[in-house]
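Q: Sharing a sequence plus its predicted fold:
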There are 4 protein chains.
Amino acid sequence: MRITLVLCALALSFVVAAQTRESGPWWPNSEWGPTDQAGASNRITPEKIVAALTLAKTGRVYEIGQVYERGMPLGGTRDYALRLVPAIEPTGTNRVLYNDEFVAAEIGQVGTQFDGLGHIGGEVRYADGSLHRVFYNGYTTAEMNAGTGLRQLGVEHVKPLITRGVLVDLPAYKNVQRLAGGYEVTLADVRGALTRQGIAESSIQPGDAVLFRYGWAQLWSTPAEYGAPALPGIGMEVARWLVERKITVTGSDTSVTEVSPSPIQGAAIPVHQELMMKNGVFNIENMTFEELAADRGYEFLFVATPIRFEGATGSPLRPLAIR
Amino acid sequence: MRITLVLCALALSFVVAAQTRESGPWWPNSEWGPTDQAGASNRITPEKIVAALTLAKTGRVYEIGQVYERGMPLGGTRDYALRLVPAIEPTGTNRVLYNDEFVAAEIGQVGTQFDGLGHIGGEVRYADGSLHRVFYNGYTTAEMNAGTGLRQLGVEHVKPLITRGVLVDLPAYKNVQRLAGGYEVTLADVRGALTRQGIAESSIQPGDAVLFRYGWAQLWSTPAEYGAPALPGIGMEVARWLVERKITVTGSDTSVTEVSPSPIQGAAIPVHQELMMKNGVFNIENMTFEELAADRGYEFLFVATPIRFEGATGSPLRPLAIR
Amino acid sequence: MRITLVLCALALSFVVAAQTRESGPWWPNSEWGPTDQAGASNRITPEKIVAALTLAKTGRVYEIGQVYERGMPLGGTRDYALRLVPAIEPTGTNRVLYNDEFVAAEIGQVGTQFDGLGHIGGEVRYADGSLHRVFYNGYTTAEMNAGTGLRQLGVEHVKPLITRGVLVDLPAYKNVQRLAGGYEVTLADVRGALTRQGIAESSIQPGDAVLFRYGWAQLWSTPAEYGAPALPGIGMEVARWLVERKITVTGSDTSVTEVSPSPIQGAAIPVHQELMMKNGVFNIENMTFEELAADRGYEFLFVATPIRFEGATGSPLRPLAIR
Amino acid sequence: MRITLVLCALALSFVVAAQTRESGPWWPNSEWGPTDQAGASNRITPEKIVAALTLAKTGRVYEIGQVYERGMPLGGTRDYALRLVPAIEPTGTNRVLYNDEFVAAEIGQVGTQFDGLGHIGGEVRYADGSLHRVFYNGYTTAEMNAGTGLRQLGVEHVKPLITRGVLVDLPAYKNVQRLAGGYEVTLADVRGALTRQGIAESSIQPGDAVLFRYGWAQLWSTPAEYGAPALPGIGMEVARWLVERKITVTGSDTSVTEVSPSPIQGAAIPVHQELMMKNGVFNIENMTFEELAADRGYEFLFVATPIRFEGATGSPLRPLAIR
């Protein structure tokens, strides 16, 4: 039997904001207070910047991001369309012509992309049994979401990433051209690679950028291979180590950075949650380190400035390594 | 009487490319060869970068670009729309949620914008009397244009802008809150301002970024005032001086950098042509220097990395001054 | 004291679909079964169409929709951008040129717009006290929503609207140029207007299109006035009468059709819920009847064919009245 | 030796508009005057409409357009992206939820598409030897083009297409499942098919819609096959016959209607030029007639109402055949 009800007018007062963030499960971990929206970019202090700048000895610049182009690998159902809005007729006595372009895209989540803190969250159960949809520092979807962009945790809150960069070259350590799809990079791998590179683990300091080369950028021009379901990457073990080392940002040359599918049965990108949602640590995907690795560029000045699109979940990026 | 013709099948062989660029009126001026597409960004050599990095003494970072936001001033008929593509339902045993955003905009020509070399050109008459629509280094619209973006002079060719930055604070020199709309900044003004700031004119060296504060960023939140027809800015006199000083990039806190309307009767943005089309010198618009000027930050490490959207005329930007 | 919990992995099996729709509060009212997605467009039977066609006596066509143009009134935070993707160079021996256009917009919810059944829903409390976010026929947001469009109740399910149209000319009845902002059209008004027009109330039959002229299209070219907070329109009284008369579609010359703000304290567009969510009756906004009314065109062949964008909430439209 | 010139300020007065259209090669053919922008839609007179309506005997509606969906065949470099802009939180005491959608696409040139008169033109040589880029009725690109859409020949000028429709079923006549790629449909084929269908050639009258079934819609769900380089279609012979019969609109179940590649060596879509540019006859692509043909629906009421996007080259469409 069906039950017919009248529409209930629900005059609930929605009390959502600071209060729920106060009592959530992980955000007391935030070192930067209950309203922080900059996450681990706070670790890049003026002193950190000045120290990092000294790492550039010769001024040689490496482009460690990809060019955004039609036909590049795109994740999921994302699209990228750029159209020229060309000069029609010259104007003025100087007969000037000007072109523009129009872009329609998941602009913060295509190509080399910087994942902001509004990108990844989760549904969690609190001590009182209630379910909440939360992101970094306990911001809830009800607080954050609006049709025209995030009201909280937008990428505009992230500080420029000018810091010490360390490349962990896994294929060089494993003596392969590139890691196999589905391979989880272990902490032993990371330690082994660092040792091979002559970089002490203890040198990984708060605020650093720790980037992983899997060799996957070699497949960038063949999107079907590049975006295969089985991708190499770090797992929860390395993620927790990165958190302990208090880095600011990680990144890699695949579209997820973490191993895929997750070795944790049934889990979906758990490393993303560990890094971003719980600890405010950022992730840059679809980088390329082929040239840098060829030159054994393992430590460098890292420069990456996420574009401040208000309310965006991420940003296109032009990350650089300068030695 | 009307004349009726049949449609002529025009089996012309279009001979457009390098050849016409060889014989054009200004591109022999290019120091970087007839196929160069990087323009004055070539001046930022490794040595230039290393020297610039030393300008950052304390690591204090100034954001000298604006946040991209709904309602910001937009030039002409440009649009900017950002929509959240929100998490729908959690997935995986870890109940992950992820948001994306979709942007539709003249992405390289809204907000703080970097004008690339495919943005501004002109129709010019050659020695043989023929008319050509050309851009930097003689690239023609026929060579360049395609529906999905520029095939030549796309912004992806521009090198990262990490160099010495100099701010020319005009309102401080003129002792006004901001310059008046329509005021042309003279070379005497620039020299006077530099003198006041203790910066020798001779210190302006190849590869520098020379940025002009007009005080106009004070109007950013009132788009009608900010985008008024009469804007202060440099004219051809200062433009030619910038070219002589061989700078790489200029910029300002208005939407055009140059004085508007042009004091040259009937001309439309002639400074743009002088800088970009003829000399490959770049221009960044809609910056903000209020905080930097308050701290008397006149010389600094300038960092700006145009996003490499293939075939785009410009780029959004997050320019920084680091002292 | 803050409570720190570990992230709960919630292995809930989400059981959402047909089942919840079975036990909801209003969808047993649907005459067309529990999986229907066409709503009241089902009432437009072949017989209804054949009868409606006979209403066109002279073949005179009235455009009762607006042209979509830059600068037209837009609701809320919606945008509409159209860019020419022009012919670049002629191709082929016949030197063909072709232009395209690129549009970025809330395409189904700008200008003259057809509201589909996935556009308006509500959060309702069931008999068991649980809260559900539901649309027509009980489809839930969990069932419906996906980043790339609605999986249920997309506008592609709506049948073409070729039926008898009736115009209710309120300003003519009230002897005013246009209704005042905030005025609620009463059932007495509607009956009075119909009587004045010589149309018997009993002639309003299942499947009809009943359209309301408020005179508001006179303000179309002044968006600030057109989109004022106080708009004339029908309220719940007339909405219920429309439902009783079993019409298929209503519409008007304002952006909401219903009176705004709602006379029901605190309610937000309740007529939309009554019509679409509960009864599957459609609504077309931003129409224009000035010319039709001038010709006393009160009964006509109504033609409107929503574009079948899969998963869209609405559609642009070119509604016609043919007499 | 290179020649260095100064930039010539070209103070040419561009005299382009009515004048050049007066003296061009084909537009004196326009029956509707030198400023007409509606082309052959002018042939659909009120009398024509009234007569066409009588063709609907039973009211059975056939959808002869495709649904617009992610993954459908797209021509050239066109894109189609639809994103849900979903309800975030309920509002009002009635807890209303509303979804929108955002679309970014070559909206008039994807899926079932109506080609307007601003879509196809050509470069032609006049009697005086000069070259001109012109469209229907001699409108030039200089007159027409603007960044935000066509200033002339926009699709908003086209009248609603409510007229007699005739389907020419070629596979049925040729006794094949579908025509072979690259096959040119001859006039003899068309006459044979009409004879088989019991439709006299002389019955094709001014204002009619003459639609061609090639059977190609069977491949719609396999875009690679559907969009193969070799497509069946009409050629110049049939195109000229359609012009002689003074029809208003043709259409088919391929993406070009005309045979591809053109049998005329080196020519690019010459039938498009013949129909649209020279004669103002419209073309609808990517239709489907499988169901209509199965019912031997060869003559019918044709209903198609191009959406009036100001300055667009075409329109999405929901064409119907009603019998």
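A: Thanks, I have the structure now.
Q: got the residue ranges for the helices in the stretch 151-300 of chain A?
A: With DSSP state H, counting those that start in this stretch as the criterion, the stretch 151-300 of chain A has helices at A:170-174, A:187-197, A:223-226, A:236-244, A:270-272, A:279, A:290-294.
Q: Going by neighbour count, which residues in stretch A:305-323 are buried?
A: Of the residues in stretch A:305-323, those buried under the neighbour-count criterion (16 or more other Cβ atoms under 10 Å in any protein chain shown) are A:305-323. Any C-beta I mention is one placed from the backbone N, CA and C, and that applies to glycine too.
Q: circling back to that earlier point, quick check: which of the helices of the stretch 151-300 of chain A is nearest to residue D:160?
A: Of all those, it is helix A:223-226 that lies closest to residue D:160, at 43.2 Å by Cβ to Cβ.
Q: What residues of the closest one count as buried?
A: Judged by neighbour count (16+ other Cβ under 10 Å), helix A:223-226 contains these buried residues: residue A:226.
Q: Residues in contact with that helix: which ones?
A: Counting contacts by Cβ atoms under 8 Å, 6 or more residues apart in numbering or on different chains, the residues outside helix A:223-226 that touch it are A:71-74, A:216, A:219-220, A:254-255.
Q: repeat that for 6 Å
A: If you take Cβ atoms under 6 Å, 6 or more residues apart in numbering or on different chains as the criterion, helix A:223-226 is touched by A:73, A:219-220.
Q: any idea which of those residues is closest to residue C:168?
A: Nearest member of the contacts of helix A:223-226 to residue C:168, counting by Cβ to Cβ, is residue A:73, at 55.6 Å.
Q: Check the contact between the closest one and residue A:227; I expect there is one.
A: Yes - the criterion here is Cβ atoms under 6 Å, and residue A:73 meets it with residue A:227 at 4.9 Å.
Q: more crowded one of those two?
A: Counted by other Cβ atoms under 10 Å in any protein chain shown, residue A:73 and residue A:227 do not tie: residue A:73 has more neighbours, with 20 against 16.
Q: hmm, back to that, among the helices of the stretch 151-300 of chain A, which comes closest to residue B:106?
A: Shortest separation from residue B:106 across the helices of the stretch 151-300 of chain A is recorded for helix A:223-226, at 26.9 Å, computed as Cβ to Cβ.
Q: Just the CA trace of the closest one, in CSV.
A: Once side chains and other backbone atoms are set aside, the C-alpha atoms of helix A:223-226 remain, and they are given as CSV (Å, rounded to 0.1, in the frame of the first residue of the first chain):
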residue,chain,number,x,y,z
PRO,A,223,45.9,8.9,-23.9
ALA,A,224,44.5,5.4,-23.8
GLU,A,225,47.7,4.0,-22.3
TYR,A,226,48.3,7.0,-20.2
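Q: For it, what is the distance to the chain centroid?
A: In terms of Cα atoms, centre = their mean, to the nearest Å, the gap separating the centre of helix A:223-226 from the centre of its chain is 20 Å.
Q: Could you pull up the mean pLDDT of it?
A: For helix A:223-226, mean pLDDT is 97.
Q: can you list the contacts of helix A:223-226 in CSV and add pLDDT and distance to residue D:107?
A: Compiled in CSV, the contacts of helix A:223-226 are given as follows (pLDDT from 0 to 100; distance: Cβ to Cβ, whole Å):
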residue, pLDDT, distance to residue D:107
A:73, 97, 26
A:219, 98, 34
A:220, 98, 31
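Q: What is the nearest of those residues to residue C:80?
A: Ranked by distance to residue C:80 (Cβ to Cβ), the contacts of helix A:223-226 are led by residue A:73 at 31.2 Å.
Q: host element of that closest one?
A: Counting by DSSP states H and E, no helix or strand carries residue A:73.
Q: any idea how far residue A:74 lies from chain B?
A: Distance, residue A:74 to chain B, by Cβ to the nearest Cβ, to the nearest Å: 11 Å.
Q: check contacts around the residue in chain A that chain D sits nearest to.
A: Closest contact between chain A and chain D, by Cβ to the nearest Cβ, is at residue A:104 (3.4 Å). With contact set as Cβ under 6 Å, 6+ apart, residue A:104 has these partners: A:81, B:104, C:104, D:104.
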